[in-house]
Structure formats: C-alpha cells, structure tokens
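>>> after the sequence you'll find the predicted model.
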Amino acid sequence: MNNRIAAENMAQLYKKAAEKYGELPAFATRKKELEWEPVSFRELYAQGLNLATGLIELGVQAKDHVGLFGDNRFEWILSDCGIQLCGAADVPRGRDITDSELVYIINHAGIKVAIAETEILVKRIQDLQSELPSLKEIILLEPVKKLPEGVLHLSSVLNTGKNLREIGDRRAESRMDSIQSDDLFTLIYTSGTTGKPKGVMLSHANIISQMKVIPIELSCTDRVLSILPVWHIFERVFEVYTIACGVCTYYTSIRTLADDLKNVEPTFMGSAPRLWESLHQRILKRVKESHPMRQLLFHTAYFLSKMYKSSLYFMFDKKLKVEKASLLKRMLLTPLHAVRWLIITPLYGFFNVAVLEPVRMSAGGSLKATVSGGGALPVEIDRFFNFIGIPVLEGYGMTETSPVIAVRTDEKLIIGTVGPVVSNTDVRIVDIESGTVLFPDENHPENGRGLRGEINVKGPQVMKGYYKEKELTDNTIQDGWLRTGDLGMITFNNCLKILGRSKSTIVLLSGENLEPEPIEMRLTQSPYIEHCMVVGQDKKHIGALIVPDLDGLRSEGIELSSLEDAMNSKKAEKIIRAEIKKINSTGNGFKRHELIQEFRLLPENFRNGDELTSLYKMKRHVIQDKYAELIEAMFNHEPSGAI
Amino acid sequence: MEFTTQLLYPIDQILLAVMIFSIMFGMGASLTVDDFRTVARYPRGILIGFLSQFGLMPFFAYGLAVFLNLPPAYAISLILIGCLPGGTTSNMFAYFARGSVALSIAMTTASTVMALLMMPLLLEFYTSDFTRAISAEVQASGTGTEFVIPTGNIIASLVLVLVPVAMGMFLRAKSQEWAKTAEDTAGFMGIIVIIYLIGTAFARHSGLMLQTPIEIYISAVCVGLLGFLFGFWMSRLFRLSPIFQRAISLETGIQNGPIAFAIILLSFAEPVQSQMLWLAILYSTFIVITSSFITLYYRRVGKFDYEVYKNTTIHNRLFGEEFVSHYPENFLPKRIEHDPSQGFTPSQIRKKSQNSDI
C-alpha cells in the first residue's frame, strides 16, 4: 500500500503529517541504551508553529535565509520545521564548518538570523561578528546552564511564539499559504577545497519530486536509523521521506551504532560506503575468530548464496551488461542456470536460515534495504552484502539534483551499477571531447548504450541554480540539462554505470573532497618529478603516479638510461619518497587527507595527444584507464606509512 | 506390503543413532533454564498449544489411520508420530514464519517434559485396536504370541533421548559460544545424515517407493498438514494474537522426528519395526517440505501484523512499557485491531475511556 503523503511544499508536508500520523513518534533521541525520547508528529508540528511565530516576531521575512548550523538532533528538525512554516529557507551546515566558511556563507546568503547547535559554535560566530554585518540574531539549540550574552535560546523563541499563538497570532498559517512551489526550501553550500563554497538553491518542488522516486515503500511500522549528517541533502531527503511516510527516525552516532542497530532494529537507513566497509570488516573478523566448524558453515553458506543469486541474476537479467549480450549464449546458458538454481535452492534454503540469518542480525536483522550514496561502494563489499541477503541499493546523485538521479530498485538490483534513472528524469551521455550527445542517439548502435561520456540530467529535481552565481549556473545548466561532471554510461539493461569524474575533484571513501591540481603543481616543481597525477577517487587515501625527471635523478649520481631503469631503482624511489614527504606536508599547508600515502613510478612518459592535451594538460581519464591495474595494485598494497 | 529385506543396515542404524544423539544434543544446547521460566509467561499459549499438540494431533493421527484403513503397524507408527513432542526445527520455522519464537521454544520445552507422561497414556488409549489386530496376525502365523505396546521401553527410550538434551543444556550453561557451535554443527550433521539415509534407502529399495500404497503417503503428508491447519484454527478460536497463532500452528504440525526413530529402534522389533520406521522416514521428509511452504505462506500473510507487532514492541522497549503506539485510523486491519500487542488508534482509546466512564 502506498502511504506517502502528497504535499506541495515542506510546510504542508509537516502539517499533513501531523494530521495523518498524530501521536505516532516522528523522531527519537537516545538518552540511554534502552531509554529513548520520542516526539510525535503532532508535537513536532505544534512546536514548529510556535517556533515559526517566534521567528516571525524576530523579524524573519518570507523567503529569508536562516542559517542552521548543527548536526543531527531533534532540535535540528524542529528548527527546520519552524523555518519552513514561516516561509523562509534554511542554510544548513554541520558543526565542523570553518570560520572562513561561516563568514562567506553568512554574508553571501545574507543571513540575518542564525541558529547554532552548540555554545562553542555560538562563541565562534560571536567572535566573527565584526565581519558579519547582516547577522542580527543568534539562536542556540542545545540546553545550557548559562546563556551567553546577546544570544537567544530556542526555548525562549518557542515561548514567545507560544504566547503569541495563545492570543490568536496566526501569521505562521498565512505564511504557509503563500508558499510557492518554486520558492527555496533550502540553500545548501557545497564545500570545495579550492575556491569558494557554492550555494545550491533547492526549491520545494525539487524536494517534493524526490518523494516519488525513493524505491523503498515505508509505512508507520518502519524504523529508520539516522547516522549521516542531516544537513547533507542525501540524509535530508530520507528524513523528509520518513515524515511523508509516518516513519520514526532514530538518531544514532558512530559510537553507539552497533548497539542501536540491535535495539532499534531499523528497517531502513541511508548509508555511506564507509559504514558498509566497517560492518564488512567486523563480520569477517568475527567469522575468522570463530570455531573452524562455524567458519566452514559460513563459507559454505556464502558460496551457496553466491551460486544461488548469480543464477537468479542471470535468469532475470540482473547482471551487469556493459556489452551487448549474445542471444544464443543466453539461450544456451539459461537452462544451465535454471538447473543449477534448482539443485542449490534447498541447500541454500537451509544455510540461509541457519547461518546467514544470524549474520544479518549484526545489521539489526530487520533491514528491508538500505540506500548507499555519497560515494562509490566498492564492488566486493556491494556483492558481499547482497549475497548475505542485505540488499544494498546504491544510488547516484548530487546536491544539485536534490539529490537522486538514479537508484537501484528491487527489480533492477544490478551490482556494479547505480540502477535505472528515476522516473520523470532524463539522462543523456555527452562526449567529453566533442560535446556531442552519445546517448540517446539513434545513429549509434543500441541507441548509444555502452558509450562513455559525461552524464547530463534534466528533471524536476534539478536545482534552480547557484545562488548569486549566474555565470556558474549558466555553465552548469544549459537548456535545462545539468552537467554533473561525472563520467558514466548506460548499460544494455538500462542502468546507469558511473565510470569516474570528468572534473578532477577527488572524493575519498570518507567523503572528503580534494582537488588534485594544487598538490600536483607543487610536486612537479621538484627537480626530480616531471609529471605527477594524484589518484584516489573512492579510496581511503590518495596516491600518486609519477614520471620522474631523469636528469634530476642522474644529478644525484644514479645511473639511468630510461624511465624503466628508474622504476626499478631503489635509490630513485627513495629520493622521490623523501621529496614527496618534504613537499606534500602539513607544514606546507596540506590537510591530512591531502597527503599522498603511496606512489608508483611510471615506465613511460606522458605523450602529447595521448595522455596530454595540446595544452599539456593531463587527460586524467586516459591515464587512469591506461594504468588502471597499477593504480589498483597500489591501493591494494598496505600503505607503508613511510611518506 | 511386506519388507523382504531390512530397511536399515547396521551401519545405517549406527548413523541414525549418531544423528539422534547430535540433534538432541543440539536441541539441548539451544535451551536455557530461562526457557522453562518463559513457559510460565505464556500460560494461555502453552495451554492451547498443549491441547492441540496432545489433544488434536493424536486424534487426527488415529482418525487418519482409521479413515485410510492403514495396516496396523503403520497405524501405530502414525499414532506414535501424532503423540510426539515438538522439536527445535519448529522453533526455526516459527522464526521465519514471523511467529513467536519464545512461545515456540516454551512449547517445545513443556511438551518434551510432558511427553514422558502423555505419550504412554495416549498410545495406550489410541492403539489398542491395532495392537489386537497385530496380535491376531502373529498368532495366526505362529511366529509369536501377543503384541503389546512396550510402554516401559518407550518411557526408557524417551528418558534416554533426554540424556543428550541434558548434556547440551549443561554445555550451554558452561559456554554459550561452544553451545552455539554445537547447535549449528548438530543441525548440519543432522541434515547430512538424513540426506544420506533417505538417499540410500531410496537407492537400495528403489521399488519401495512404488510399492508403498498411496494411503501411506497421504497419511504421512496429511498428519502434519492437519496439525498446521487445526493448530492455527484452534488458537484463532481462542483469540490468540497472530504471532502466537503461527507459532502454535507450526509447533503442532512439526513433531520431534528423532524421538520417533529412537523409540521405534529401541522399543519395537520386527516385523513391525521396518514398517514403522518407513512411515517415520516419510513423515520426516514430507514435513520439511510442507512446513517450508507453510512457512513461506505465513511469512507472506503475516508480514503486516508482524511488522506492527515488532514496531510496537520496539516502541515499548525504547520509550517505556507504558508507551502506546497510536496508529492512524484504518491503518490496522480488523483482525488485529483489538489485539493489545498491536497498539491502538485514538478512537479506540476514546471508546475505552467512555466505556470505563459508564
């Protein structure tokens, strides 16, 4: 049954949820392991109205931008609710926002009222006050003993609102009625390590469009565990979705996650690859430490499940198809898979029940599915969880598309892809070099499936633009098509496969972003390094491919006739290792995650036209493809920590 | 149908003994003293379970034997199967059928203990017609004098199979880790041995399956199915909540097969032994298949109410016992609406308070 609420904007959503779900818990906060505090949908909306009235009294106008700096907690959602109900938009960031970002964002967005989670954060904002001419009020969220000077506490704003509403103030309701679908509901600043943050303008229509595309049906009987930062659009969209479905969201933290998984037994959660990596390691460790008999049972079960599922995937066309499949081969193999499936099913049935079910318990045991986003999920981990029976639905999106572009569904659970493009959304693949459309194009065989290019998106989720950045917006969105900057292709069973980034930004597994160019620029200044390319997309840390400068090395007295000699020379490696350590250091202003942990010397120089453009810029994807194995080997090697 | 050769060779008998031992040991390893205490927590469920396990099942077995006009040895075997206590297999099925595992375990525990008293009584009560028939037969052929149910031996075999259960429980009390390993290993070995026994039995007596009259098959399949069906209806009649209905249904239909093997091997002799064993083997084979399908069915139909139950339970676990989950109007279907474990809708609460005002 479809339970989701259809609303036109966020304010209406909060209202309708209160009417429909009433006293059901909407959000729960952990006090102790088995003591949680619920807040009902009705309570949330009632408090939200009080807060909205209080904010209006403070002078917040419709369509104003209200700063909301903090991490997951009930008061965050309450603040969001209040801001939506008074017709304003929030500008969210986490507690880890830097001072310069605070100054930039508050000034750029013209924030007059800022809500801050902690006392420390309030203090930091106050210290920057001289640089923040527009900021009038700061509201503190967390309970404190003594309120800092010049700061309002959330409770007093709520109280003001409550008193006003008691004497008949209904300004919040009239604000709600005047909200238009294309008004902003949020303005999210994405951080770039270089350059200034960009304010992504997302409208009510953008976020509401997402309610239709999330592939998992949820109802009042579901439980969602929230661990990712709520100010990130990826987690935010799930929290909005849970409100629409009447689901209770339970706030957890890394520290308490293992316990909370057991106690809350979530049926759904938004997750990042990192989470699955650590759970994967934990499960494997536990298996390794267990009795040999149990290890045998586990491996047998896993093997059977793999056989069982791959036959199923084959029969139902759920295998990754990057090439056009031969019909004959399919016809020949299908009966074989059917026979294998029949033989394995009873055995799999037993092992699934006896061995795999207890393993699934480590994730609470009730998970219907989970969506992983915010970075690519390593394929072996993806397989592991799908084989042990926790369906991990990998999705693809970005803040600019609020955020879902594609996501795996139950019917299209194809490992290695991010699933089919969501409904009402068009995706095209554009050739990077020439800018021509590769998919969909009838001139290409199979309409352009299997061709690689930049992913462009058009649909109701595409942002209005970057706030006060017309030029950047026009560059990014052309004729309604948003250029994602990611490389991808459409597989032969109509799923989107992500192949890397066309822009050079590297996103590490931890979600941290970094631009490789500044590091490369500094390194190539060394006399020993001619070219250098930093790699590490979706890895734990970064690494580098290096073309050494032979003359430089020779001047150190090493006999070298070719790059291959250098590659095999211990001495050359040592010199370059020392050089990287010297240049690529925190002392030189690099952040921790910007430090190169591993490198490889290349046997050939980059050639103009092949690896380099005519302007001597590196063609990253060409190099990445050419040395794919070397890069893989480098990251599979344990970091020596010597750099 | 007569067995011309022995159904089980000595090696098979040893394997069967090993299997019985390890399965019963595994059963013990999954039990704790607390499980006996949970028996007291579900008095209604246990009572209804007891009625369907020792009331309905033996009666159906007897009824089937009479209705299908089974040869006396098969009839006795069928009634024996009907009188068995539950085994750990049913706990696993209850879990996957979204039934109450706690009740299933409690019923297994209670029925295993009760079996010491109930089985001899019930066998005595239901099998007298058939033992007389066998006696007449053996006297006519002059191979023996009189056939009686070896009550003493049955009690002795029951006590004997409870020894590994006690050993398993002892291990569990000493080390939970080891007990878990023992439990899984036992389950794994049990499956291997059953597959081996069935495989060799079918291979050696390839004609046996064809020779076996259809009513033997019908009785082997139906005794379990009737147990599922009436266990469900009975608990439904007594308005137990759906999760209890599913647990009692499965617990009633799934009997402790290994105990049947042990009793037949230890207490009965030829010419009836092979025939009795054959029916026990058929029952054990078919019950796995039928209960798998029943479980899949229960899992589907029980999905919604189980999710409601689970969510309500977790609300109470995290928000305190007195927390009431108010589901939206018309969210809960009629059949679980008045079950306190499923929470209430606001209008029900209003009605309740109005009633209490009056």
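That came in fine, so what should we check first? Numbers count the residues shown, from 1 in each chain, chains lettered A, B, ... in the order given.
>>> let me see the contact set for the residue in the stretch 151-300 of chain B positioned nearest to chain A.
For the stretch 151-300 of chain B, the residue closest to chain A is residue B:181, as judged by C-beta to the nearest C-beta, at 4.4 Å. (Each C-beta comes from the backbone N, C-alpha and C, glycine too.) Shown in contact with residue B:181 (C-beta atoms under 8 Å, 6 or more residues apart in numbering or on different chains): A:290, A:291, A:293, A:294.
>>> what's the first helix or strand after the helix or strand harbouring it?
With elements taken from DSSP states H and E, the one containing residue B:181 is helix B:176-204. Remark: after helix B:176-204, the chain's next helix or strand is helix B:206-211, criterion DSSP H and E.
>>> elements contacting that following helix?
Counting contacts by 3 or more C-beta pairs under 8 Å, 6 or more residues apart in numbering or on different chains; DSSP states H and E, the secondary-structure elements packed against helix B:206-211 are helix B:176-204.
>>> quick one: average pLDDT of the helix it packs on?
Rounded to a whole number, the mean pLDDT of helix B:176-204 is 75.
>>> buried sites along it?
B:179-191, B:193-194, B:197, B:201 (16 or more other C-beta atoms under 10 Å in any protein chain shown).
>>> try stretch A:535-546
Neighbour counts over stretch A:535-546 (16+ other C-beta under 10 Å) mark A:535, A:536, A:537, A:538, A:539, A:541, A:542, A:543, A:544, A:545, A:546 as buried.
>>> now do the domain split for chain B, please.
Per automatic domain parsing, the domain ranges recorded for chain B read B:10-301, B:306-357.
>>> any idea how far the helix holding residue B:181 is from the middle of the chain?
A distance of 18 Å separates the C-alpha centroid of helix B:176-204 from that of its chain, computed with C-alpha atoms, centre = their mean, to the nearest Å.
>>> same check on stretch B:167-187?
21 Å.
>>> kindly report the residues of chain B close to chain A.
B:92, B:95-96, B:177-178, B:180-181, B:184-185, B:187-188, B:191, B:292, B:304, B:307-308, B:310-311, B:314-315, B:317-320, B:323, B:325-328, B:331, B:346 (C-beta under 8 Å from any C-beta of the partner chain).
>>> what subset of these is buried?
Neighbour-count burial (16+ other C-beta under 10 Å) applied to these gives B:92, B:95-96, B:180-181, B:184-185, B:187-188, B:191, B:292, B:304, B:307-308, B:310-311, B:314-315, B:317-319, B:325-328, B:331.
>>> among the buried residues of stretch A:535-546, which lie within strands?
When the buried residues of stretch A:535-546 are checked against strands using DSSP state E, the ones located there are A:535, A:542, A:543, A:544, A:545, A:546.
>>> wait, doesn't the third one sit right on residue A:599?
Which is residue A:543. Yes: Residue A:543 lies in contact with residue A:599 (C-beta atoms under 8 Å); the separation is 6.0 Å.
>>> shared neighbours of those two, anything?
Residues touching both residue A:543 and residue A:599 by C-beta under 8 Å, 6+ apart: residue A:634.
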